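Asks: any chance you can model this:
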Amino acid sequence: MKHYPDNPMPLLYINLGAEMLYVLDQRLRSVGTDKASKVLTDLINNMFKAEKLQKYFMPSACNFTLEDLKLQFQDIATSSIMKLNATSMDKLFDLMVMTLKYQLQMLISPEHLITLTVNHLDGILAMFRVQDEISNSVQYAYKMST
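Replies: Predicted structure coming up:
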């Protein structure tokens, strides 16, 4: 039997982050902004910085609350030229959590949480196939989570 880490934060962070990127990607496409690629590139590079990921893999990350995660994602969302007001960020975070809760409920076994995480990372890579900078950041997250 495999041993899984006691700290769920890395998987929560990666999966919630992927959901945030999916929602923002769809929203930016729907408004047709030319800066969508730059915004998403900035968000991904910020989200998957080695220092940031390592923080979530430390045992002390178990002490983070949902509000702490929300603040982290708010910082990430505003790290680019895109700006979100408080109401928009609240709605975005609620959607992220709701979507991840649904996905977690559909899991058959704990092993499928790793599969879900890998699928999210693969989805992010598929969004930006040609950018080495993003690929390296996401590959680092992939190595840490599997």
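Asks: all contacts plus neighbour counts: C-alpha atoms, from now on.
Replies: OK.
Asks: which residues are in contact with the helix or strand containing L43?
Replies: Here L43 sits within helix 36-47, counting by DSSP states H and E. Contact with helix 36-47 is made by 17, 21, 24-25, 28-29, 53, 76-77, 79-82, 133-134, 137, as judged by CA atoms under 8 Å, 6 or more residues apart in numbering.
Asks: can you pull the buried residues of that helix?
Replies: 36, 39-47 (16 or more other CA atoms under 10 Å).
Asks: which of those residues sits closest to Y13?
Replies: Of all the buried residues of helix 36-47, Y13 sits closest to M47, with 9.1 Å by CA to CA.
Asks: and the contacts of helix 36-47, which are buried?
Replies: Applying 16+ other CA under 10 Å to the contacts of helix 36-47 flags 17, 21, 24-25, 28, 53, 76-77, 79, 134, 137 as buried.
Asks: looking at the residues you listed, point me to the pair that's furthest apart.
Replies: Across the buried ones among the contacts of helix 36-47 (CA to CA), the longest gap, 25.5 Å, separates L28 and L53.
Asks: all the helices of the protein, residue numbers only.
Replies: 9-31, 36-47, 50-57, 66-77, 86-105, 111-127, 132-145 (DSSP state H).
Asks: can you tell me which of the contacts of helix 36-47 lies closest to H120?
Replies: Nearest member of those to H120, counting by CA to CA, is G17, at 9.0 Å.
Asks: how close does the closest one get to K49?
Replies: Computed as CA to CA, to the nearest Å, the G17 to K49 distance reads 13 Å.
Asks: for F64, same thing?
Replies: As judged by CA to CA, F64 and K49 stand 18 Å apart.
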